[in-house]
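Asks: Structure, please.
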Amino acid sequence: MKFFASLAIVLTCLFSQNLVAQDKVERTPKSQSQQKLSQVNINTASSSQLAAVLKGVGLKKAQAIIDYRQKFGPFKSIDELTAVKGIGAKTLEKNRAKISI
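Replies: Got it, this is the predicted structure:
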């Protein structure tokens, strides 16, 4: 009986230490690769990257962004994005902090 009580105490200690370690890992700052996912360069990103990062932009609108830059060249400013069909001022403002050129 003492064996099982001791085993229960050891397992409880190990489990609680694991939770403390896991909590520390979850509170660490994002790695560079995770931070890069929060921004997208509209002059170089693929349609899947654009759709993944930009709120309100699916694959169809992302492809429209790519088609625009292929036709007119690289974006000179973030505001030029509103010239793309389907991208309005509201979508731009929701995503401004996520966009780079």
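
Asks: Quick check: can you list the domain ranges of the chain?
Replies: As recorded under automatic domain parsing, the domains making up the chain are 2-29, 33-100.

Asks: rank those by mean pLDDT and give me the bottom one.
Replies: With a mean of 55, domain 2-29 has the lowest mean pLDDT of those.

Asks: Val84 - how many residues pack around it?
Replies: 22 (other C-beta atoms under 10 Å). Backbone N, C-alpha and C define where each C-beta goes, glycine included.

Asks: Gln70 now?
Replies: 9.

Asks: Which strands or helices does the helix or strand where it lies pack on?
Replies: For Gln70, the host element (DSSP states H and E) is helix 59-72. Here helix 59-72 touches helix 47-53, going by 3 or more C-beta pairs under 8 Å, 6 or more residues apart in numbering; DSSP states H and E.

Asks: Can you give me the buried ones in the helix it packs on?
Replies: Ser47, Gln49, Leu50, Ala51, Val53 (16 or more other C-beta atoms under 10 Å).

Asks: Which strands or helices does it pack on?
Replies: Against helix 47-53 (3+ C-beta pairs under 8 Å, 6+ apart) you get strand 40-41, helix 59-72.

Asks: what's it in contact with?
Replies: Under the contact criterion C-beta atoms under 8 Å, 6 or more residues apart in numbering, helix 47-53 has outside partners 37-40, 42, 45, 57-59, 61-63, 65-66, 95, 98.

Asks: which of those count as buried?
Replies: Buried, going by 16+ other C-beta under 10 Å: Val40, Ile42, Ala45, Val57, Lys61, Ala62, Ile65, Ile66, Asn95, Lys98, out of the contacts of helix 47-53.

Asks: For these, work out which two are farthest apart.
Replies: Pairwise distances across these peak at 16.8 Å for Ile66 and Lys98 (criterion: C-beta to C-beta).

Asks: can you give me the helices for the chain?
Replies: For the chain, the helices defined by DSSP state H cover 2-26, 32-36, 47-53, 59-72, 89-95.

Asks: ok, Gln93 - contacts?
Replies: No Gln there; residue 93 is Glu. Contacts of Glu93 (C-beta under 8 Å, 6+ apart): none.
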